[in-house]
Each structure stands twice: as C-alpha cells, then as structure tokens.
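>>> Pasting the sequence and the predicted coordinates here, then a few questions.
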Amino acid sequence: MDKLLLIDDEADVQYSFRRIFDSPDLELHTASSGEEGLKLIPKLRPDLVLSDIRMAGLNGLETLRRIRQIDPKLPVILMTAYGTTQTAIEAMKLGAYDYLLKPFDVPRLKQLVANALKASKDMRQTVALQPQLEQQDYDLGVIGRSEPMQEVFKLIGQLAASDATALITGESGTGKELVARAVYQNSRRAKEPFVAINCAAIPENLLESELFGHERGAFTGATAQRIGRFEQCNRGTLFLDEIGDMAPATQTKILRVLQNGSFERVGGNSTVQVDVRIIAATNKPLEEAVARKEFREDLFYRLNVVRIQLPALRDRRSDIRLLVDYFLRKIGAASGGMKSINENTLIALEAFSWPGNVRELENVLRRAVVVAKGPAILPGDLPAELHQPVPVKEPAKPAVATAPVPTAPVAPQPPAPGETPAVSETPGDIPELARLLFRWAKTQPGLKVLPAVERELVIEALRETQGNQVRAARLLGITRATLRKRVDKFGIRRELNVT
Ligand SMILES: Nc1ncnc2c1ncn2[C@@H]1O[C@H](COP(=O)(O)OP(=O)(O)OP(=O)(O)O)[C@@H](O)[C@H]1O
Ligand SMILES: [Mg+2]
C-alpha cells in the first residue's frame, strides 16, 4: 500500500485529493501546514509528499528543504496556483521530484504521482543479493547461484565499493535495472536519490533537455527555464537505460559530464557542475553500434570502465528452480496463498529457451498461478510455446513410426509442428478427454484404442524424462517393472534412449 502525504492548507484541495486518489492501493494522509507535515513524516514514512508552496508558516520551498534534510530519498512534488518560473527553478534545484500548477490536469497529476511512487520504490525497496529463500519479508532480490551469476555478484560488490561508471549489458529481461539498483543501494550514495531515465522512451529532441535542462527560449516551446535530471539528482545516481538509443549530440554531452562533471543547459552559456554517478544499460550490442559509427567510441570506453554482462536465462538453467521458488513465494505472499508446482511443469520450464528471460519466467508463473485450478501448477497451465516436447536425445524423428500398433495420433487432430496439441490446450478433465477420444476412435476402423493410448502415454513420459524409466514410471503412476513390460510389449524402440 502506497502512502501519500498531502500538505496543503486549503480544505478544498484536500477534498479533491481524497476523491482523485480514492483507491484501495493508496493511503492518503493530509497536513494543513509545513510544520504539521514535517512532524508527520517520521511517524508516517510516506512514499511521496505533495506540498503546496504558498502556506502560512513554513512555505513549500522551505518545507521541501527540510524534508531533504530528513530524507533525501523521499520524492516531493510541489504545487502552486501562482506559478512563477523562478519558484519552479528553485523547487527543482532543491531536488523536488516535480512541479505542478493548479488547477490540476487530473490525468497528468495521476501519471506524475504514479511515476514518483515508482521512483520512490526504486530507491527504497532494497535489492538483496542472494536473499535467504526461507525468509518471508524480503521483496526484491537478485536470484542466482549459477557460476555466471556468481561473477555478477562479485562485480556488483566491486562497483558498490567504488564510484566508477558502469555499463550493464544483457538481453531484455535479464535484470539490468535490478542490478543497477543493487549497485546503487550498496554504494555510498545509497542515501541520495536514484533516478532512472529510459533513453529510448523519450523522443530524441527532448532527451537532451530532460537530462540537462534548458534555458528559456532555447527552442520553440521552451517558455521557461527547466532544470534537468543531472542537476536534480546531484550527489545521487543516474541510471541511463537503453543508452544505445541516445542521439549523438546527447552522447557528446554525457561524455563531457563523465570527464569533468560539467555541462550547459540547452541554449545556455553558464556551466553547471554536478556530482552524479552514472550507471548505463543497454540490450543492444554497443560494440556494433560503435563499429557503425552510431555510438561514440570514446563514450563507449568511458562507460565500459566496469562491465556487467548479464547471462541469458537459458545460459543459467540451473537457477530456474530457485527463481521459480522465489517467484511463487512472492506471488503467493501478495495473493495470500502459495501454489506449488509439479515436477513435470518444472522440467518444461527448465527446457524452454526463454527469449524474454527472467521477466518472461515471472510472467508465465503469474499467469499459471491464475489459471491453475488446484493447489499445484501443472504443465497444462503453461502457455502453448512451453508445451513443445522435450527433445529426445538420439532420433530426430519420434521413434514410433515403425511400431506394429496403429500409429494414429491420440489427439483428434495431429498437431502441426510448433502447434499445441489440443489436449494440453483444453486440459478439462479425464472423463472429458476420454469422451473426445472415444468418439474419435469410433471413426477409426480397426483401432485398438486402449493399447494405442497406453503406448502414447508411455512414449510421452519417456520423452519428457529423456528416457529415464524410473522417472517416467513415477509420472505414469506405475512401477518400473510395469513400464518395462509396456516398452517391450509396444516395441518402443531403444532409440528413445530408454535407460
Ligand atoms: N536475478 C533475478 N532475480 C530475481 N528477479 C529478477 C532477476 N533478474 C530479473 N528479475 C526480474 O525480472 C524483471 C525484469 O528485470 P529488469 O527490468 O531488471 O530487466 P532488464 O534487463 O532491465 O530488461 P529490459 O532490457 O527489457 O529493460 C524484473 O521484474 C526483475 O525484478
Ligand atoms: Mg530495463
């Protein structure tokens, strides 16, 4: 539950905030003066403060200054009906998260509050390195015990102990942002702000002004001076996500900040000096962009001082069980009950290629928890692309084509390659499946449906376990001896790697 503190002396404003932010996920607290607000903060520990500027007693700017002394990480949005550019500038320089004019544009206000809450969480939710899985009260962790992850943990430690610039690379969903936050939270700048900017999400012509600010009249539409993120986040850490998408002019400015901590606002002459640590990330191979002359080589080397290359999930499959456990606990804690997972489902998860990496795994599990009917997640609860049979070691083709019994598929429609068999798409229940099967079998002259089904189930189980008879028998609910008899009886070929 997010806590919002509104500091405003007008009852009307308090009233409209109650209406705008009437949501079960938000707790709105109000204070009628700066003094009252400051008193509330240590007890309440809000995630975000919105404060009016003109108030009797302490004004908003002074309140902001004091909040920054108590807690530099608490985002503050200032609001006023009497906007002068000077107060806006002053507010941002003091480290306000943003500045709003009354009357509010409600959608914009909501969006701003959502962004500020995310920033607040980014700074506060501690990212634990190797959280204890038994412990219930962690909410964010970098999970992994595999060798490539051990390397990552070492680098996070080294980076946290220094002020060096870092470049985090890896495919989408491998945890680049998570690792950036882990570095930040373990660094000496942990008490100062962390600001994340997605360079790909901001139009090219606006990014430079977003980062460095601009002077009044710098370009059409620049009606007032604006303070950029570098100034706002002074002494803190700036996370430049998707840096590969940055325009050349902005790259040049970033290089200069890295070299001597200074820059000019867009359209300005006076030099601004800042102390900001930069952590950059990209999922594009920057070396290639450098070779194509799209990314400055000197900037690349400057960023690449320490490089963390995050492994793709398919290259650390041994961590999948650990991640599944972590996510199921996390999802369970949020929904008030944890689902378990069956062995076959885990095997399917371990076999998948995970193009979307950890993010995709988490999403698959979230969905599976919702669709699973019982207490455990079954293979049928996974999306279609995870239903591809686990590749059998030896034969390229299923080794069943030469068998003496009818080779008709069990399912009504033979699934095309890459398509989900109808049975897993509509798991239903066994009577339902049997009815379907029986109806279809009646149309197949000469088919001995029972042995045919039995045979296919044995093959499925062996394929799933890559020929391990003990595990296959367990999956089928029969003894190993019975399984052996079936293998012989049905002439299931040795190419299946039956062990
Ligand atoms: N090692 C990990 N342990 C636990 N959770 C992880 C791990 N890696 C990633 N995640 C989770 O996966 C999701 C994606 O991670 P993150 O946003 O950091 O990826 P990213 O590399 O920045 O992806 P993109 O390139 O798409 O921006 C997040 O919810 C994150 O918490
Ligand atoms: Mg990211």
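Right, received. Where do you want to start? Residues are numbered from 1 along each chain as shown. Ligands and ions are numbered 1, 2, ... in the order given.
>>> show me the contacts for the residue in the stretch 151-300 of the chain positioned nearest to ligand 1.
In the stretch 151-300 of the chain, the residue that lies nearest ligand 1 is G175 (2.6 Å; CB to the nearest ligand atom). Glycine gets a C-beta too; all of them are placed from N, C-alpha and C. Listed by CB atoms under 8 Å, 6 or more residues apart in numbering, the contact set of G175 reads 142, 310, 357-358.
>>> do the same with T169
Contacts of T169 were listed using CB under 8 Å, 6+ apart, and they are 176, 281-283, 285-286, 307-310.
>>> Just the pLDDT for it.
pLDDT, T169: 96.
>>> mind checking how far it is from ligand 2?
Counting by CB to the ion, to the nearest Å, the gap between T169 and ligand 2 amounts to 11 Å.
>>> E215 contacts A224, doesn't it?
No: E215 is not in contact with A224 according to CB atoms under 8 Å; the separation is 9.2 Å.
>>> Show me the contacts of G175 that map onto helices.
Judged by DSSP state H, helices contain the following of the contacts of G175: 357-358.
>>> Pick out the most distant pair among the contacts of G175.
Spatial extent of the contacts of G175 (CB to CB) is set by the pair V142 and N357 at 13.3 Å.
>>> hmm, back to that, can you tell me which of the contacts of G175 are up against ligand 2?
Intersecting the contacts of G175 with the surroundings of ligand 2, defined as CB under 5 Å from the ion, gives nothing.
>>> Name the residues of the stretch 101-250 of the chain found near ligand 1, please.
Near ligand 1, the residues belonging to the stretch 101-250 of the chain are 141-144, 170, 172-178 when assessed by CB under 6 Å from any ligand atom.
>>> I meant to write the stretch 351-499 of the chain there.
Contact residues (CB under 6 Å from any ligand atom) of the stretch 351-499 of the chain with ligand 1: 358-359, 362.
>>> 8 Å instead, please
Within reach of ligand 1 by CB under 8 Å from any ligand atom, the stretch 351-499 of the chain has these residues: 356-359, 361-362.
>>> most surrounded residue in these?
The member of those surrounded by the most neighbours (other CB atoms under 10 Å) is V358, with 27 neighbours in all.
>>> Enumerate every residue touching that residue.
Counting by CB under 8 Å, 6+ apart, V358 makes contact with 173-175, 313, 323.
>>> Equivalent analysis for G95, please.
Remark: with contacts taken as CB under 8 Å, 6+ apart, G95 is in contact with 64, 68, 72, 76, 193, 232-234.
>>> Tell me the secondary structure of it, please.
At G95 the chain is in coil, as set by DSSP: H, G, I helix; E, B strand; the rest coil.
>>> Show the pLDDT at it.
87.
>>> Q388 too?
What the model reports for Q388 is a pLDDT of 63.
>>> Quick one: list the elements packing against the helix or strand harbouring Q69.
Element membership for Q69 (DSSP states H and E) is helix 60-70. The contact analysis (3 or more CB pairs under 8 Å, 6 or more residues apart in numbering; DSSP states H and E) places helix 60-70 against helix 34-44, strand 48-52, strand 76-80, helix 85-93.
>>> Next, count neighbours for the closest residue to I20 other than its chain neighbours.
For I20, the nearest residue in space outside its immediate sequence neighbours is V106; the separation is 6.0 Å by CB to CB, 6 or more residues apart in numbering. If you count neighbours by other CB under 10 Å, V106 ends up with 11.
>>> any idea how far S16 is from V106?
With the distance defined as CB to CB, to the nearest Å, V106 ends up 9 Å from S16.
>>> Enumerate every residue touching the residue lying closest to R188 once chain neighbours are set aside.
In space, not counting the residues next to it along the chain, R188 is nearest to D163; the distance is 7.6 Å by CB to CB, 6+ apart. Taking CB under 8 Å, 6+ apart as the contact definition, D163 lies against 187-189, 277.
>>> and those residues as a markdown table, adding secondary structure, pLDDT and neighbour count?
What follows is these, written out as a markdown table (DSSP: H, G, I helix; E, B strand; the rest coil; pLDDT from 0 to 100; neighbours: other CB atoms under 10 Å):
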| residue | secondary structure | pLDDT | neighbour count |
| --- | --- | --- | --- |
| S187 | coil | 91 | 20 |
| R188 | coil | 92 | 11 |
| R189 | coil | 93 | 19 |
| R277 | strand | 96 | 23 |
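>>> re the thing from before, most neighbours among the contacts of G95, which one is it?
Per-residue neighbour counts (other CB under 10 Å) across those peak at V76, which has 27 neighbours.
>>> Quick check, that residue in contact with S51.
Yes: contact criterion CB under 8 Å: V76 and S51 qualify, at 6.2 Å.
>>> SS state for the residue lying closest to Y82 once chain neighbours are set aside?
With CB to CB, 6+ apart as the measure, R54 is the residue that lies nearest to Y82, at 6.3 Å, once sequence neighbours are left out. Three-state secondary structure (criterion: three-state DSSP) places R54 in coil.
>>> R54: neighbour count?
Here the number of neighbours of R54 (other CB under 10 Å) works out to 15.
>>> I'd assumed L61 was in contact with it.
No: in this structure R54 lies outside contact range of L61 using CB under 8 Å: 9.9 Å.
>>> Now do the shared contacts for the two.
Counting by CB under 8 Å, 6+ apart, no residue touches both R54 and L61.
>>> what's the helix or strand for I279?
Under the assignment here (DSSP H and E), I279 is part of strand 277-282.
>>> What mean pLDDT does the next helix or strand after that strand get?
Beyond strand 277-282 on the C-terminal side, the first helix or strand identified by DSSP H and E is helix 286-291. In this model, helix 286-291 carries a mean pLDDT of 93.
>>> Could you give the separation of helix 286-291 from the chain centroid?
Relative to the mean C-alpha coordinate of its chain, helix 286-291 is positioned 26 Å out (CA atoms, centre = their mean, to the nearest Å).
>>> Begin at 553, not 1, for the rest of this chat.
With 553 as the first residue, the last one maps to helix 838-843.
>>> and it, what does it pack onto?
Here helix 838-843 is seen to pack against helix 849-855 when contacts are counted using 3+ CB pairs under 8 Å, 6+ apart.
>>> pLDDT weak spots in this structure?
Applying pLDDT under 70 to the chain flags the ranges 635, 637, 682-691, 940-981, 984, 995, 1045-1051.
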